[in-house]
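Trainee: Attaching a predicted model along with its sequence, questions to come.
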Amino acid sequence: MSSGFSNLDKQVSIAELAALIPDGASVALGGSFLHRGPFALVRELVRQKKANIEIIKQSPGYDIDLLCRAGVATRARTGIVAMEGNFGLAPYYRKAVETGALRLEEHACATLTAGLRAAAFGTPFQPCAGIDGSHLVDINGWKKLDDPYGKGEAVWVIPAIQPDFAVIHANEVDSRGNVRVLGTSHWDRIMSRAAKRVLIVAERVVDSEIFEQQPEVTLIPYFLVQAYAVVPQGAWPGSCWPEYEIDYAAVEKYLEPGPEALQAHLDAAPEALQEYAQ
Amino acid sequence: MSSGFSNLDKQVSIAELAALIPDGASVALGGSFLHRGPFALVRELVRQKKANIEIIKQSPGYDIDLLCRAGVATRARTGIVAMEGNFGLAPYYRKAVETGALRLEEHACATLTAGLRAAAFGTPFQPCAGIDGSHLVDINGWKKLDDPYGKGEAVWVIPAIQPDFAVIHANEVDSRGNVRVLGTSHWDRIMSRAAKRVLIVAERVVDSEIFEQQPEVTLIPYFLVQAYAVVPQGAWPGSCWPEYEIDYAAVEKYLEPGPEALQAHLDAAPEALQEYAQ
Amino acid sequence: MSADWTPFSYIVTNLARFIRPDEITFSGVNSTMPMLACLMAKKAYEWDFVYINVAGGVDPRPSKIPISSSDPVLAEHTASIFDNEDFYDLCCRGRMDLTFLGAAQIDGEGNANNSCIGNWHQPKVRLPGGGGGAVMLPTAKRACTWRTEHSTRTFVEQLDFRTSWGGFHGVVTPIAIFVKKNDRLALQSWHPESSLDEVKARTGFHFDHEGAEPTALPLPSEIKALAALDPDGAFERDAAVSLR
Amino acid sequence: MSADWTPFSYIVTNLARFIRPDEITFSGVNSTMPMLACLMAKKAYEWDFVYINVAGGVDPRPSKIPISSSDPVLAEHTASIFDNEDFYDLCCRGRMDLTFLGAAQIDGEGNANNSCIGNWHQPKVRLPGGGGGAVMLPTAKRACTWRTEHSTRTFVEQLDFRTSWGGFHGVVTPIAIFVKKNDRLALQSWHPESSLDEVKARTGFHFDHEGAEPTALPLPSEIKALAALDPDGAFERDAAVSLR
């Protein structure tokens, strides 16, 4: 059995993509706040009524809020959670933590990255600078190790964090599943290396020749990618640079209370409106 | 004082670039074997009769051989050293180690990278997978640490390696000193983050607009770069993809014994033949 | 244009005044005011600095000023993408000269709580979390923060939870500017329409105020730069900062 | 085209035979024969595999076959650059199915010396060093190597220095193919023009040879694939391998 994904039939529908994620899985989500998140996939997790999902993301917002609102997420490892863009706190996330519906492992963004690095580097833990004096140490039981070479100061080490899945929203894939992201890649690179498998939601498929002309731009090689779905506007109501910006009105409507508002939001999503070419 | 380099007058001649490196400095060299090494700068170190230089590079070849032949390098941290391309061992390097003229700290490529990562990440040491059973552990006095979380196996840790300089041969710079590399970046990325300062030898200067059109391709942002020199063909007799390939005949001539052969080689180098537009 | 401070211009401008020539300066997520301060400093002052931000931008020239301080327009016309791992590593290895970081509660040493009100395990209010704080506050050369609310529940003797330790170099509120002195926050100046007594009354910890005085009024170049960033006052309205 | 082995085709082809469908397979620096084996396997067999190499290439379509096994032409028509940090990390986290690694001396457990002949501190011969070995040999799922010299000074009871531990899965020489069995190298087959006795005489360690037999002759598709890579025999001449 291969350690990679060499199959040629990676394109699936967004529903099939979500179906690959079982209840109880830990899922790292790409992007940051309202920017280039794999939100079409997140909504599909809600439609498929997934249970007991763990979210791993340095700066989730809309995604984790929605998953808490729908009762899909029950565990999370995060650095900072907010809707951002004047929307302030993520209300359903906040409530889920306050009621105990979501079990939080609170990180600094860089400590979560350190845990992902340990998984990506095949090591049990990863040293991380800073952290001194933070109470995060107490709630997480983090350990400090002396420099065995006696030169540097003692350093905090973070245990490895290996997500079952990393789900990334990309600008472009090719048919094999190579992945391109434009602008900042946020934390997507390290997520794609730390996770056992990578799932992609892409704006479009382009010819492999485009990738071959500038292979330096490719963020994730196809053999790390298990499957991808094509959902134009799939990062809605967030942005996907340079394709589209945040739909602030849609976020506002999402924040209206009640199950009808939630259903209306889900029904207004691009993947619900589109017929998938597949 | 800034922790970066924001000056606007970064372009210097290759002689001025080499003059920035004092005797005794530790210098990480980019590229690998005969590919995209900062060889114009290396030759200039020879012309300027630098002394007691430490070379840090996972896979040096021509560069370290030349620096040993000229007595410039006296210390090295390397993973594998060869001329490659049918030329076999690097003869002057070999002799320098055998006679004790070069003090070698022998690494695996990935342990050297681990040390550079520790410097780049601001930590005193970096865990690295593998290494078990290797006698490199004994000669380097590497330590193994238990997983303080009791989940993973004990892991070897490598002490931080912070070069005084990283010198990278690039395809393109812009006037500010942003750096583009085409094809593989070898170990250049981590070297540029681990070193105290970065020096660049570039094939050409291009307009910043080119960089702005695809900022994802930029390997090193200008504020890490202290200075750059423009030397077309500067990676000769090695390759610089996609500009030119290895000049095998020139490597063969370099390998001829004797001080005249060395001088003839230095005199035939592009930077010796060019008048620098400066 | 008024030559007086508004509560909004007071915070943004005095954040900008923490920026120094040539230094590597960072603004992150959920940080509209520091973003505005960085963009403003680029326009207001005659010297330049290295502005990096969480959108990966390095000295960007955004086509507009975004509501979200992590918006990708903050990487428009950047010549490189300096991504999240990169700017954190830069800070961790001691080469971030100045970073801006948010804080919900701040104590007299300049440490921050971004995590919760009440007990962490059963919080009265779950807050966003510290993001960069716990790693950046102790490793950046200087870190500065801002609070739009200056009260004894935001400036406290004892944090409900210490998310980040290390002590801010500077703190700006609608009525005061604190700067670190001997490892404690000391009052540097107060809003000309406020007073030392008001700052004392609205601050939950004791602080040194030797030499403190009313804050110098905004320079014409500062007023002009901020007006150019917020021509119709939308950011000022959204921020909804008041003196009291 | 001859249906018989040449010493050169024997090594390259039998390296290629270690490659398995769909697996992630790596060739590195100073590794002309593994490079040829990978390129050959792509042509010779009906199944495909993921070929990554030290030039950053992933399933490249090089416009020519380079003398240097790290030549950037090995990244021509690649759709991504998988750089050095990336492929090492992949191996370190246990997802490299097969890597090829060089070795100067090999012991009966399949460990490698790439460092020196004689004492490390005062070597008679300083060798290139292990490159990836000390990290990759213990972490790759399988690692294979080749030696153009099969003698008691290359196949030894005791290494002068153990650069890399972990035990090769497979070893190919001009006269023999060893495969790991119960944590020792065991003879799998020998060159049809050689013999078990010759392999024994030229090997410095004892080895299991149960079931070993002459190596199966090259398949027409293997012969054709290698001929396409080396049409004028330049690689074969440069390699200068002989049976004895």
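Mentor: Structure's in. What do you need?

Trainee: use CA for all of it now, contacts and neighbours both
Mentor: Fine.

Trainee: could you list every residue that touches residue A:251?
Mentor: residue A:237 (Cα atoms under 8 Å, 6 or more residues apart in numbering or on different chains).

Trainee: I believe it is in a strand; please confirm or correct that.
Mentor: No - counting by DSSP: H, G, I helix; E, B strand; the rest coil, residue A:251 is not found in a strand; it is helix.

Trainee: And it, how far from chain B?
Mentor: Counting by Cα to the nearest Cα, to the nearest Å, the separation of residue A:251 from chain B is 29 Å.

Trainee: same thing with residue C:154?
Mentor: Look at residue C:154 and chain B: by Cα to the nearest Cα, they are 32 Å apart.

Trainee: Show me which positions of stretch A:83-103 end up buried.
Mentor: Buried residues in stretch A:83-103, counting neighbours by 16 or more other Cα atoms under 10 Å in any protein chain shown, are found at A:83-86, A:89-98, A:102-103.

Trainee: Which ones, among these, also lie beside chain C?
Mentor: A:84-86, A:89-90, A:94-95, A:97-98 (Cα under 8 Å from any Cα of the partner chain).

Trainee: Quick check: which of the residues you listed has the minimum pLDDT.
Mentor: Taken together, these show their lowest pLDDT at residue A:85, with 83.

Trainee: Need the three-state assignment for that one.
Mentor: Put simply, residue A:85 is coil when judged by three-state DSSP.

Trainee: which residue sits closest to it in space, ignoring its chain neighbours?
Mentor: residue C:68 (4.2 Å; Cα to Cα, 6 or more residues apart in numbering or on different chains).

Trainee: what does the stretch 1-150 of chain A have sitting close to chain D?
Mentor: The stretch 1-150 of chain A comes close to chain D at residues A:1-6, A:119-123, as judged by Cα under 8 Å from any Cα.

Trainee: before we move on, which element is the spatially most central residue of chain C in?
Mentor: Closest to where the C-alpha atoms of chain C average out (Cα atoms, centre = their mean) is residue C:145, at 3.3 Å. Element membership for residue C:145 (DSSP states H and E) is strand C:142-146.

Trainee: Paired strands for that strand, with orientation please.
Mentor: Here strand C:142-146 has these sheet partners by DSSP bridges: strand C:98-100 (parallel), strand C:170-172 (parallel).

Trainee: Please pick the buried ones from the residues of the stretch 1-150 of chain A next to chain D.
Mentor: Using 16+ other Cα under 10 Å, the buried members of the residues of the stretch 1-150 of chain A next to chain D are A:2-6, A:119-123.

Trainee: Please list the members of these that lie in helices.
Mentor: Of those, the ones assigned to helices by DSSP state H are A:119-121.

Trainee: that older thread, next, give me the two most distant ones among the buried ones among the residues of the stretch 1-150 of chain A next to chain D.
Mentor: Spatial extent of those (Cα to Cα) is set by the pair A:6 and A:123 at 25.8 Å.

Trainee: hmm, back to that, out of the strands paired with strand C:142-146, deepest packed?
Mentor: Highest mean neighbour count among these (mean count of other Cα atoms under 10 Å in any protein chain shown): strand C:98-100, with a mean of 28.

Trainee: And the helix or strand following that strand, what does it pack against?
Mentor: Downstream of strand C:98-100, the first helix or strand assigned by DSSP H and E is strand C:105-106. Judged by 3 or more Cα pairs under 8 Å, 6 or more residues apart in numbering or on different chains; DSSP states H and E, strand C:105-106 is in contact with strand C:112-113.

Trainee: Centre of the chain to the strand it packs on, how far?
Mentor: From the chain centre to the centre of strand C:112-113 is a distance of 14 Å (Cα atoms, centre = their mean, to the nearest Å).

Trainee: which helices and strands sit right next to it?
Mentor: Looks like strand C:112-113 contacts strand C:105-106 (3+ Cα pairs under 8 Å, 6+ apart).

Trainee: Please enumerate residues in contact with the strand it packs on?
Mentor: Contact partners of strand C:105-106, identified using Cα under 8 Å, 6+ apart, comprise C:112-114, C:153-156, C:159.

Trainee: Closest one to chain D out of the residues you listed, please.
Mentor: residue C:114 (34.1 Å; Cα to the nearest Cα).

Trainee: And for the closest one, the neighbour number?
Mentor: 25 (other Cα atoms under 10 Å in any protein chain shown).

Trainee: Run through the residues that contact it.
Mentor: Residue C:114 sits next to C:102-105, C:127-130, C:161-163 when contact means Cα under 8 Å, 6+ apart.

Trainee: Quick one: mean pLDDT for the strand holding residue C:145?
Mentor: 98.

Trainee: Show me what the longest helix seen in chain C is packed up against.
Mentor: Ranked by residue count and defined by DSSP H, the top helix of chain C is helix C:32-44. Helices and strands touching helix C:32-44, by 3+ Cα pairs under 8 Å, 6+ apart, are helix C:7-16, strand C:24-27, helix C:220-229.
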